[in-house]
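>>> Predicted coordinates and the sequence they were generated for:
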Amino acid sequence: MLLKWLNWVWMSEASASTLPLQASEVARSWDQLYFFLVWLSVFFFILVVGGMIYFAVKYRKSVSKTTQYITDNHVIEVVWTVIPAILLMVIFGWGYAVYVKMTQAPTDSYEVRVIGKQWLWQFQYDDGRTTINELYVPVNKPVKLIMTSEDVIHSFFIPNFRVKQDVVPQMYSSVWFQATIPGKHQVFCTEYCGGSHSQMLAKVIVLDDQQWLSWRMGRKIDLNTLPTAGVGDDALAAAVKKQDEAKAAASGAGKSGVQLTGLAAEGKALMQAKGCIACHSFDGAQMTGPTLKGVFEHEVELVDGKKVVADENYLRESIENPNAKVVKGFNPVMPTFKGLISETEMNAVIAYIKTLKE
Amino acid sequence: MSSISHAAPGSNYLNNETGVWSWLKTLDHKRIGVMYLFTILFFFFVGGLFALAIRLELMNPGRNFMDAATYNKVFTYHGAIMVFLVIIPSIPAALGNFVLPMMLGAKDVAFPRLNLMSYYVYILGAVVALSSLFLHGVDTGWTFYTPYSIRASTGTIMVVLGAFIAGFSSILTGLNFIVTTHKLRAPGLTWSRLPLFCWALYATSIIQVLATPVLAITLLLLIAERVLKIGIFDPALGGDAVLFQHFFWFYSHPAVYIMILPGLGVISEVIPVFSRKPIFGYRAIAYSSFGIALIAFIVWGHHLFVSGQSEMANFIFSLLTMFVAVPTGIKVFSWVATMYRGSIRFNVPMLYALGFLELFTIGGLTGVFLATLSIDVHLTDTYFVIAHFHYVMVGGTLMAMTGGIHYWYPKMTGRMYSEKSALWSFILILIGFNVTFFPQFILGAQGMPRRYWYYLPEYTTLNQISTVGSWFLLAGFVWVAIYLWRGLTVGEKAPANPWEALTLEWQSPSPPPLENFEETPTVTSWPYEYRSEGQQA
């Protein structure tokens, strides 16, 4: 009875809602320890602050006229030294045990190479494929990521799996997980890396056996059909859409009537998927990189003072070799997409940029 | 300095000389303490404005009123100003400078000129650091992690140089306090009769003297790397990026205790005075300060649990970090036990001490979460960490400092402040603090990373609560500033010992004369000899 009640309090829905979705093997062990610490802290908080309030009320000056001269009490001092010390050792041991689970990847783990760069995540698979900001993995199988950075330190954090590992230049670090719930899981960069750090986002796409087979066979996965999983799913897309709609409504019906179709629509989706939107806006706002609004066939001034017209070839060059012609007022920080974008994708992206007229 | 100056009736340290120049070249520890106090409060105001800007920008996901590049600079300046220019010098340089020599029954610190020099070194550090604002600003975060900081704007060099210079001020103050405590105690003031505030400052000074040089070396290496292109921390030049984190935290973790230990000292003074009881476990509290200072040097690696350092290192640092909680727990339990069977008065300093206990307990307990290896993996670099250290640094140090200002205000100014205003502003601050920072624990547990200009929409509600809380904090602190300022002119004249405290500073008139005491006091008992009337020793 008591145990049942304790268990209810410990791992109840209400408590669980203060954590992200529990979507990996390790997450379950992590949550148990976390809630143990939460309730232990509640106990000590009540002991200290409750004791303080009780004494403050009971021994207030108007009631308690005389005091007792007490300077110390060795028994109680030993008690409040030794008991916390023992508890802390238990917490340490438990914490370490979960940590071992977290860091010892099974030898049969499926390996994916991860490269972090300002400000996107690139994933390389054993079959030679590369994806950006979308990591495809199978459900219920251990996956090990072998990670490095091309520039500064980043950190790969998947809240739903309770794992995080820094990604350091000129060094390999690794992290592993076994996802238990198919769907899209949020990835954050958690080591500050400059300008668009907070937009260096990715998704782990956890596929069920059927989907995994078709991904391995090189088929495209329709992300819209995937279930959503906890933090960061479609809330983001929904919010962006809502903002866009609000803006469109504000700027008059004429513009909002433009419907994207075919190639341009595909290009817009690609620019979101490949992380372009972390630095480039479509609406005229200047972020880490220049806005794409109205850029096509307009003259842009470069850092060296030269002027060029942003035609198809300029756009293409700026995607494949971004530092060749940097726009004045911006820093040469964009990574190259050479080899990361196919000819058909390039066509789609440029087709979309063309639609962004002033 | 002659015997004539303090023979004049009514002459005190504030009116024995007048004019700006008499302040700027003063060697009086009290005046230097007051100058530090005003300067630190000024920077607290500046750092606070940056904090309000951060919270305002986080009111909604996406852009509110500044872009990501500006936001990154704002949180960098908030952190750097609050850490290097406010919290580190706060209690030692301002309150410690004023109070320590008086508590020891001394006329001044051991090296008054060095004391004044430390103030100007601090000002120079601040000016150099803030000059970066005119060099495109700095967006590295106050931790200056490499290799990002090597590639960031040139202003970074100025902030790093400023922190380097301000570090010397910290070393000089620490050195001064150590020598003063050893050499200038009044007759009869043995070590076992030393007030706990002095013990805390002594432990702090040791850390300042031993740890700060490591920061200085690290920051110089960083500048050398940037200017001379020597590969130390930048992998592109053959350096090791994580090495910087080891060096940086080898100082900055002990520095956390530089920030909190003096606050613990203030609380150890206030609670017995207003409970009318001896402090419980005097020795345990005094020694636990040294326990904390010692452990402080061997736990830096707990900032690097996910950095890629070895699992063995993680094992050891997690284990060692657990031991910080033991002496900290001893202090907290002893303070609560001090109130047992007391006769408690709720004057403003005591309110701040009680508020401190609430906030510091939460700060300490959540520290155990972060010391636990696997738990830290998920929580590190999220808002959980932000909440934890604000509970310790603001809820701990700043509450203690504000309490300390209210405690020694009558001594420093010779006036009293409005207790009614103080009560209401205290309530505002306490509520505002919890509303601002408690939601950040949940945000962090839910995964929201720190230093994020853009956050996911599901984090909106808690961020908005936090932002609203920051306005309560603003209102509370502005109110404090107003009534303390008004108290200077309209406050009642303060008696020499308004709280009936037993430490030596209260035996001198308020405000004290130039050389603190009309004659050097002699000490015959420890400073916590609080008894009910008629009780015998």
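Yep, that arrived.
>>> all helices in chain A, in order from the N-terminus.
A:2-10, A:13-16, A:25-45, A:51-58, A:74-103, A:209-216, A:234-250, A:253-256, A:262-273, A:312-320, A:343-355 (DSSP state H).
>>> Go through those helices and find the least confident stretch.
Ranked by mean pLDDT, the helices of chain A end with helix A:253-256 in last place, scoring a mean of 39.
>>> Put together a markdown table for the helices of chain A, with mean neighbour count and distance to residue A:294 on each row.
Using the backbone N, CA and C atoms, a C-beta is placed for each residue, glycine as well. Below are those laid out as a markdown table (neighbours: other Cβ atoms under 10 Å in any protein chain shown; distance: least, Cβ to Cβ, whole Å):
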| stretch | mean neighbour count | distance to residue A:294 |
| --- | --- | --- |
| helix A:2-10 | 10 | 57 |
| helix A:13-16 | 11 | 48 |
| helix A:25-45 | 18 | 46 |
| helix A:51-58 | 16 | 63 |
| helix A:74-103 | 16 | 49 |
| helix A:209-216 | 14 | 38 |
| helix A:234-250 | 13 | 15 |
| helix A:253-256 | 10 | 13 |
| helix A:262-273 | 17 | 15 |
| helix A:312-320 | 16 | 13 |
| helix A:343-355 | 18 | 10 |
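>>> Kindly present those helices as TSV, with separate columns for distance to residue B:182.
As requested, these are exported to TSV (distance: least, Cβ to Cβ, whole Å):
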stretch	distance to residue B:182
helix A:2-10	53
helix A:13-16	52
helix A:25-45	38
helix A:51-58	35
helix A:74-103	28
helix A:209-216	71
helix A:234-250	61
helix A:253-256	77
helix A:262-273	66
helix A:312-320	67
helix A:343-355	71
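>>> want to throw those into a markdown table with distance to chain B?
Putting the helices of chain A into a markdown table (distance: least, Cβ to the nearest Cβ, whole Å) gives the following:
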| stretch | distance to chain B |
| --- | --- |
| helix A:2-10 | 15 |
| helix A:13-16 | 10 |
| helix A:25-45 | 4 |
| helix A:51-58 | 4 |
| helix A:74-103 | 3 |
| helix A:209-216 | 25 |
| helix A:234-250 | 4 |
| helix A:253-256 | 20 |
| helix A:262-273 | 14 |
| helix A:312-320 | 20 |
| helix A:343-355 | 21 |
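>>> So which of the ones you listed is nearest residue B:362?
Set against residue B:362 and scored by Cβ to Cβ, the helices of chain A come closest in helix A:25-45, at 6.7 Å.
>>> residues making contact with that closest one?
A:9-11, A:15-16, A:19, A:22, A:87, A:91, A:94-95, A:98, A:101-102, A:160-163, A:177-178, A:180, B:361-362, B:365-366, B:368-369, B:372, B:374-375, B:378, B:445 (Cβ atoms under 8 Å, 6 or more residues apart in numbering or on different chains).
>>> Isn't residue A:339 up against residue A:128?
No - under the criterion of Cβ atoms under 8 Å, residue A:339 is not in contact with residue A:128, lying 11.1 Å apart.
>>> Quick one: closest of the helices of chain A to residue B:237.
Closest among the helices of chain A, using Cβ to Cβ: helix A:312-320, at 27.4 Å.
>>> who's in contact with the closest residue to chain A within the stretch 151-300 of chain B?
Per Cβ to the nearest Cβ, residue B:235 is where the stretch 151-300 of chain B lies closest to chain A, at 3.6 Å. Shown in contact with residue B:235 (Cβ under 8 Å, 6+ apart): A:168-171, B:147, B:241.
>>> With adjacent residues omitted, what lies nearest to it?
Of all residues beyond its chain neighbours, the one nearest residue B:235 is residue A:170 (3.6 Å), with distances taken as Cβ to Cβ, 6 or more residues apart in numbering or on different chains.
>>> So the one you found sits against residue A:148, correct?
Yes - contact criterion Cβ under 8 Å: residue A:170 and residue A:148 qualify, at 7.4 Å.
>>> These two - which one has more neighbours?
residue A:148 (18 against 15; other Cβ atoms under 10 Å in any protein chain shown).
>>> got a list of what the nearest residue to the more buried one once chain neighbours are set aside touches?
Using Cβ to Cβ, 6+ apart and skipping residues adjacent in sequence, the residue nearest residue A:148 is residue A:172, 5.5 Å away. When contacts are counted by Cβ under 8 Å, 6+ apart, residue A:172 touches A:146-148.
>>> Ramachandran angles for residue A:172?
Here is the backbone geometry of residue A:172 (degrees, to the nearest 10): phi -100, psi 130.
>>> What of residue A:68?
phi -110, psi 140.
>>> same check, this time on residue A:105
phi -70, psi 140.
>>> what about the nearest residue to it once chain neighbours are set aside, distance to residue A:26?
When the adjacent residues along the chain are set aside, residue A:105 lies closest to residue A:176, with 3.6 Å between them (Cβ to Cβ, 6+ apart). Using Cβ to Cβ, to the nearest Å, residue A:176 is found at 9 Å from residue A:26.
>>> One more: residue B:315?
18 Å.
>>> Distance of residue A:114 relative to residue A:144?
From residue A:114 to residue A:144 the distance is 10 Å (Cβ to Cβ).
>>> If you count surrounding residues, which of those two has more?
Shown here are residue A:114 and residue A:144; by other Cβ under 10 Å, residue A:114 has more neighbours (24 against 17).
>>> wait, that one sits on residue A:146?
Yes - in this structure, residue A:114 is within contact of residue A:146 by Cβ under 8 Å, at 6.9 Å.
>>> Would you list the phi and psi of the residue in chain B positioned nearest to chain A?
Minimum separation of chain B from chain A (Cβ to the nearest Cβ) falls at residue B:447, amounting to 3.0 Å. Here is the backbone geometry of residue B:447 (degrees, to the nearest 10): phi 110, psi 0.
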